[in-house]
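J.: Here is my input, please return the structure:
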Amino acid sequence: MKKPLDFVASALRATGAEVQLSHQLLRYLGRMGEPLFLAQPPTGYPDVAASWTSPDMLLTRMNFATDLIANRIPGARLRLEALGDKDSFVRLIAPDALSTATRSALGETEGSQAIALLMAAPEFQRR
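T.: As a prediction, the model looks like this:
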């Protein structure tokens, strides 16, 4: 599973968001469990998926994806029309690896919500 910083960076890259560092982005990283430059041990944050998979942290990732797609995060702006449709986003993030459950959930969503759902899906969460 991606560490929070990896998740945020890959979400920003995949959506082509224009980014300026903001308190809200840093707050999201902290809520996901990886506040920037604040690891207590000298070895840094854990590199084990179990460290990043609590229900609260997963919900925070989903909220981040939804807020990012809706342009509600100061310092991160994206153009939805530049993303294309959900099928083009699927080809970008997981061309051969969407599970049946994810495909089923995507069939029930449209537009920007489908893009947010894809970023919250297990296929996007994997390293």
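J.: Any stretches of this structure with poor pLDDT?
T.: 50 (pLDDT under 70).
J.: residue boundaries of the helices in it?
T.: Along the chain, counting by DSSP state H, helices occupy 4-15, 23-31, 55-69, 80-83, 86-93, 100-107, 111-120, 122-125.
J.: In a markdown table: those, plus mean neighbour count and distance to residue 44.
T.: Any C-beta I mention is one placed from the backbone N, CA and C, and that applies to glycine too. Formatted as a markdown table, the helices of the chain follow (neighbours: other C-beta atoms under 10 Å; distance: least, C-beta to C-beta, whole Å):
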| stretch | mean neighbour count | distance to residue 44 |
| --- | --- | --- |
| helix 4-15 | 19 | 11 |
| helix 23-31 | 16 | 14 |
| helix 55-69 | 18 | 17 |
| helix 80-83 | 12 | 32 |
| helix 86-93 | 15 | 26 |
| helix 100-107 | 13 | 31 |
| helix 111-120 | 20 | 25 |
| helix 122-125 | 17 | 20 |
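J.: Redo those as a markdown table? Include distance to residue 42.
T.: Output for these, formatted as a markdown table (distance: least, C-beta to C-beta, whole Å):
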| stretch | distance to residue 42 |
| --- | --- |
| helix 4-15 | 18 |
| helix 23-31 | 20 |
| helix 55-69 | 23 |
| helix 80-83 | 40 |
| helix 86-93 | 34 |
| helix 100-107 | 38 |
| helix 111-120 | 32 |
| helix 122-125 | 28 |
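J.: of all these, which lies closest to residue 40?
T.: Closest approach to residue 40 among the helices of the chain (C-beta to C-beta): helix 23-31, 13.5 Å.
J.: Would you mind measuring from the closest residue to residue 124 other than its chain neighbours to residue 34?
T.: Closest residue in space to residue 124, ignoring its immediate chain neighbours: residue 93 at 5.4 Å, by C-beta to C-beta, 6 or more residues apart in numbering. Distance, residue 93 to residue 34, by C-beta to C-beta, to the nearest Å: 21 Å.
J.: Appreciated, that's everything.
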